[in-house]
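S.K.: Pasting the sequence and the predicted coordinates here, then a few questions.
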Amino acid sequence: MTEERTTTDRIARRVSPGNIIAIAVGLALFVYYVQRVGVGEIATGIGRLGWLFSAVVALAGLRFAVRAMAWRACLDGTHKLTPGRAFQAAVAGDTLGNLTPLSLLVGEPAKALFARDCAPISRTLAALTVENLFYTLSAALVIAGGAFALVMRMRTTETWWLASVALATALICLILLAHVIMWRRVRVASGLVEFLVHRGLATQLVARGAEHVRSIEDRVYKLYPREPYRLIKLACWEFSFHGLAILEIYIILSLISDVTPTLLDAFVFESTNRFITALFKVVPMRIGVDEAGTAAFAELLNFGTATGVTLAIVRKVRMLVWMTIGVGFFVSRGLSVRRTIKAAKTTGVVNRESESSFGTTQGAVIAVMTRSPDSTNPPKTRLASVVLDEHSRERLHAAFLADVIAVCETVDRVTVRVAYTGEGETDSFGKIGVNQEQLIPQRGSDFGSRERNVFEDLFRAGFSPVVIVGSDIPTLPARFIAEAIDRLGISKNRVVLGPANDGGYYLIGLTARSGNISVPDLFTDIRWSTKWTLADTKTAAKQCGLNIDLIDEWYDIDNENDLNRLRNELASEDGAGLAPATKRVIGELLGVI
């Protein structure tokens, strides 16, 4: 209860006197323009819409659906966020964003919270950040284009033409610059924070947030769609959103105005609306400022003040319809405003609620299951047909292990442990950069008991969640591990599995239950190292009453075919920078990659 009050108080402090003044001014403007035009004339204009108001509402729903699809397009890899759930989340989040002066601070986390059963909050919020970036860039183009269109519409002097062209050019250049920054992964935000910290210009709060900002940048850069077809698809979704808005305005103007509008007029009104929305996000529903701004441009374009105010009110009524639907979505999901405000505080990298649910002091840990690099048992015997020398296979095994550990260490806010079998010297781990403090011995007579005991030992040490990975997956993407940890934060009653392409699994993750280090029996009667390993484990999980989460499939290196696949991956353009230790050893043993 104390935590919730503290959170609410912090958010409340963000509603500054300036916000209150803006809301008051907005209300005053609304009352002024309604009185100026007259309630009767506004009612007459709205009445002209008739049953076509339902078409206006439907177009608004299509716009939510388009933004939802743009959000999904920013999620890379496998996920469970369906178009329907994304649509509901978009409507619900927009509802809270419009109701409060906090706007995006509440609206975007609300969307992620709404869809948390489909994908981890940290992942969906990062995707929303990317989508909002693209939306902002598209809105900037619409605003610039609207300024240009207004000049064409008004047939003003050459000076205004030049100013309009200059504005449009500047905005386009800024948009291109933003994409270059994203494409080249330039650390603008975290670099600025670090500069301020080093110069002693940052507050203690800013200094503490430096790592947090860098983490957000990493997630956004990972999700930025670098493939041309994904970029084009995302751009199409964003501009479809604006296109539907222009169509909506054109339909409304055609019905409520005595002046016949053109699509150019509708475009100018939409660019005005985007501009007002950007400037007055802190005013709930943009009450008053919409009416004032739209009325001013309606006068400028000879439509009349009444038409402008009526247009703004029709769109506001349409907004109220969808806000009512949004509240219904929230009620159906059992979510409250307080929980949504708590989500706003997290800003998206790790959900604090999930963090606290672990109930432990050590946090998340990744354990790499392996044998000592100089084990008395020869490693990778199934690769003997292609790597004949035993010492060479030992080198290859050590390279795999070094690269897997390096991948694990890139995951934010986790501890990395190396669980090793008893034979062999532990000193040899130092050659690949593993400290003695990172080592934990495996206990048990078979693979299943050793995995169970690693979970138990790490739970007893205060770690949770625990994710175990193999040591023969040198090119495994770090985001797979991060996603597994995020999913384990949703609830304790689940197991996360990373399917391997041979029927086994390369990753397994569990969360400790409060005050209980017992491990669910997922390791008895499993047909290890066969094509049935994953299926047997899933059956065991169901018998234990656990929910099963599967992340993306990957491959481990067991035989010659796997090794050839690895060589091809490392030789490809996408393999640049991956698994440097493995690439070097394979190059020395089997030829240059």
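M.R.: Structure's in. What do you need? Residues are numbered from 1 along each chain as shown.

S.K.: Could you use CA atoms for every contact and neighbour count after this?
M.R.: Fine.

S.K.: quick one: pLDDT of Val416?
M.R.: As predicted, Val416 sits at a pLDDT of 92.

S.K.: And the strands in the stretch 401-550 of the chain, which stretches?
M.R.: Taking DSSP state E, counting those that start in this stretch as the test, the strands found in the stretch 401-550 of the chain are 415-420, 439-441, 463-469, 494-499, 505-510, 547-550.

S.K.: Go through the ones you listed and pick out the most buried.
M.R.: strand 463-469 (a mean of 26; mean count of other C-alpha atoms under 10 Å).

S.K.: Low-confidence ranges, the stretch 151-300 of the chain, go.
M.R.: Within the stretch 151-300 of the chain, the stretches with pLDDT under 70 are 152-168, 170-171, 175, 193-194, 196-223, 226, 281-285.

S.K.: where along it do the strands fall?
M.R.: Going by DSSP E, counting those that start in this stretch, the stretch 151-300 of the chain shows no strands.

S.K.: which one of the strands of the stretch 401-550 of the chain lies closest to Pro373?
M.R.: strand 415-420 (9.6 Å; C-alpha to C-alpha).

S.K.: Which one of the strands of the stretch 401-550 of the chain lies nearest to Ile143?
M.R.: That would be strand 547-550 among the strands of the stretch 401-550 of the chain, by C-alpha to C-alpha, at 43.2 Å.

S.K.: returning to what we had before: will you turn the strands of the stretch 401-550 of the chain into a markdown table that also has distance to Ala140?
M.R.: Converted to a markdown table, the strands of the stretch 401-550 of the chain look like this (distance: least, C-alpha to C-alpha, whole Å):
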| stretch | distance to Ala140 |
| --- | --- |
| strand 415-420 | 42 |
| strand 439-441 | 53 |
| strand 463-469 | 43 |
| strand 494-499 | 41 |
| strand 505-510 | 43 |
| strand 547-550 | 39 |
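
S.K.: Mean pLDDT lowest where, among those?
M.R.: strand 439-441 (a mean of 87).

S.K.: Direction included, what does that one pair against?
M.R.: In the sheet, strand 439-441 lines up against strand 415-420 (parallel) (DSSP bridges).

S.K.: Can you give the distance from the strand it pairs with to the centre of its chain?
M.R.: Taking C-alpha atoms, centre = their mean, to the nearest Å, the mean C-alpha location of strand 415-420 is offset from the chain mean by 28 Å.

S.K.: what's the angle from it to strand 463-469?
M.R.: 50 degrees (axes from the mean of the first three to the mean of the last three C-alpha atoms, to 10 degrees).

S.K.: Can you dump the C-alpha atoms of strand 415-420 in PDB for me?
M.R.: Extracted as PDB, the C-alpha positions of strand 415-420 are listed here (Å, rounded to 0.1, in the frame of the first residue of the first chain):
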ATOM      1  CA  THR A 415      24.100 -12.200 -13.000                       C
ATOM      2  CA  VAL A 416      26.000 -14.800 -15.100                       C
ATOM      3  CA  ARG A 417      27.100 -18.100 -13.500                       C
ATOM      4  CA  VAL A 418      28.900 -21.000 -15.100                       C
ATOM      5  CA  ALA A 419      27.700 -24.500 -13.900                       C
ATOM      6  CA  TYR A 420      30.500 -26.900 -14.600                       C
END
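
S.K.: any idea how far Phe523 is from Ala540?
M.R.: Phe523 is 8 Å from Ala540, where distance means C-alpha to C-alpha, to the nearest Å.

S.K.: which residues touch Leu128?
M.R.: 71, 74, 108 (C-alpha atoms under 8 Å, 6 or more residues apart in numbering).

S.K.: What about these, which are in helices?
M.R.: Those of these mapping onto helices are 71, 108, per DSSP state H.

S.K.: Turn the contacts of Leu128 into TSV, including pLDDT and neighbour count.
M.R.: Output for these, formatted as TSV (pLDDT from 0 to 100; neighbours: other C-alpha atoms under 10 Å):
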residue	pLDDT	neighbour count
Trp71	91	27
Cys74	84	25
Glu108	79	28
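
S.K.: Pick the one among the contacts of Leu128 closest to Thr44.
M.R.: Closest to Thr44, out of all of those and judged by C-alpha to C-alpha, is Glu108, at 36.9 Å.

S.K.: what about the closest residue to that closest one other than its chain neighbours, neighbour count?
M.R.: Distance criterion C-alpha to C-alpha, 6 or more residues apart in numbering; nearest residue to Glu108, sequence neighbours excluded, is Gly93 at 6.0 Å. Gly93: 28 surrounding residues under other C-alpha atoms under 10 Å.

S.K.: who touches Gly93 in this structure?
M.R.: So Gly93 contacts 106-111, 326 (C-alpha under 8 Å, 6+ apart).

S.K.: Give me the neighbour count for Phe269.
M.R.: Neighbours of Phe269 using other C-alpha under 10 Å come to 26.

S.K.: who are the neighbours in contact with it?
M.R.: Applying C-alpha under 8 Å, 6+ apart, the residues contacting Phe269 are 146, 246, 249, 294, 297.

S.K.: farthest pair in those residues?
M.R.: So for the contacts of Phe269, where distance means C-alpha to C-alpha, the most widely separated pair is Ile246 and Phe297, at 15.2 Å.

S.K.: And the longest helix seen in the chain, what's buried?
M.R.: The residue-count maximum for a helix in the chain (DSSP H) belongs to helix 121-154. Within helix 121-154, the residues scored as buried using 16 or more other C-alpha atoms under 10 Å are 121-151.

S.K.: And for stretch 69-87?
M.R.: Under 16+ other C-alpha under 10 Å, the buried positions of stretch 69-87 are 69-75, 79, 81, 85-87.

S.K.: doesn't Val268 make contact with Ala147?
M.R.: Yes: in terms of C-alpha atoms under 8 Å, Ala147 counts as a neighbour of Val268; the distance is 7.4 Å.

S.K.: May I ask you to confirm that Val368 belongs to a helix?
M.R.: No: looking at Val368 with DSSP: H, G, I helix; E, B strand; the rest coil, it is strand, so not inside a helix.

S.K.: And for it, the neighbour number?
M.R.: Val368 has 25 nearby residues by other C-alpha under 10 Å.

S.K.: could you pull out the helices for the stretch 401-550 of the chain?
M.R.: Here the stretch 401-550 of the chain has its helices, by DSSP state H, counting those that start in this stretch, at 447-460, 478-488, 533-543.

S.K.: what's the last one in contact with?
M.R.: Pointing back at helix 533-543 there. 495, 499, 503-505, 520-523, 525-527, 547-548.

S.K.: By neighbour count, which bits of it are buried? Give me those.
M.R.: In helix 533-543, counting by 16+ other C-alpha under 10 Å, buried: 533-538, 540-541.

S.K.: Can you give the domain ranges for this protein?
M.R.: 2-345, 358-590 (automatic domain parsing).

S.K.: thinking Tyr420 is in contact with Thr370, fair?
M.R.: Yes: counting by C-alpha under 8 Å, Tyr420 touches Thr370, with 5.0 Å between them.

S.K.: For Leu81, which non-adjacent residue is spatially closest?
M.R.: Cys118 (5.0 Å).

S.K.: residues near the one you found, how many?
M.R.: For Cys118, using other C-alpha under 10 Å, the count is 17.
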